[in-house]
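**Student:** Sharing a model that was predicted from the sequence below.
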Amino acid sequence: MPDFHQPILLPTLHHLAETALEEREALLKELSVEKPVALVIPALYAELQRPALPRMLKQLTGVPYISQVIFTMNGMNRRGYDRARAFYAKSLPNLRHTVLWNDGPELTSLHREVDTLGTRRSGPGKGAMSGWASPPSTPLATAGSLPATTVTS
């Protein structure tokens, strides 16, 4: 056995290569009944204009075990945030989704508060501050992870 061990239910890249896609998807669909799956996608505002993101979203609409998608975004102003929300609403009309504006006013305030605790975070950019904040209604959330003013699509 290697010096690390991960149970097969954890979908890491090396496990995905070992299992038939149909088996993996059937297991995820079964498990998602009791434990909903939220997919977190770090993105920059500029990616809304590129062809990869719309193609990826089209694929997501057919995934039966994903209950919510959280787009954690940087590099936009209020107008860009509103456009991003409209873009995702149009692209994912039947899938619950949330846009976290990492460098927007609400989360910037939260980042400053976290900084006062002496924590170390990386600078701005795709994924830099994206993974630890999640909306209160998601499986990823912890108490107080976002201010109540966060807008959810």
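**Tutor:** Yep, that arrived.
**Student:** next SSE after the helix ranked longest in the chain?
**Tutor:** When the chain is parsed with DSSP state H, its longest helix is helix 78-91. From helix 78-91 onward toward the C-terminus, using DSSP states H and E, the following helix or strand is strand 96-101.
**Student:** That following strand pairs with which strands?
**Tutor:** Within its sheet, strand 96-101 is paired with strand 66-74 (parallel), according to DSSP bridges.
**Student:** With only the CA atoms kept, save the longest helix of the chain in CSV.
**Tutor:** This file holds the C-alpha atoms of helix 78-91, laid out as CSV (Å, rounded to 0.1, in the frame of the first residue of the first chain):
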residue,chain,number,x,y,z
ARG,A,78,-21.0,45.7,-9.8
ARG,A,79,-22.0,45.8,-13.4
GLY,A,80,-19.9,42.7,-14.1
TYR,A,81,-21.4,40.9,-11.1
ASP,A,82,-24.9,41.6,-12.4
ARG,A,83,-24.0,40.4,-15.8
ALA,A,84,-22.4,37.2,-14.4
ARG,A,85,-25.6,36.5,-12.4
ALA,A,86,-27.7,37.0,-15.6
PHE,A,87,-25.3,34.8,-17.6
TYR,A,88,-25.5,31.9,-15.2
ALA,A,89,-29.3,32.3,-14.8
LYS,A,90,-29.7,32.0,-18.6
SER,A,91,-27.1,29.1,-18.8
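**Student:** Now that helix: buried residues?
**Tutor:** 80, 81, 84, 85, 87, 88, 91 (16 or more other Cβ atoms under 10 Å). Yep, even glycine has a C-beta here, placed from its N, CA and C like the rest.
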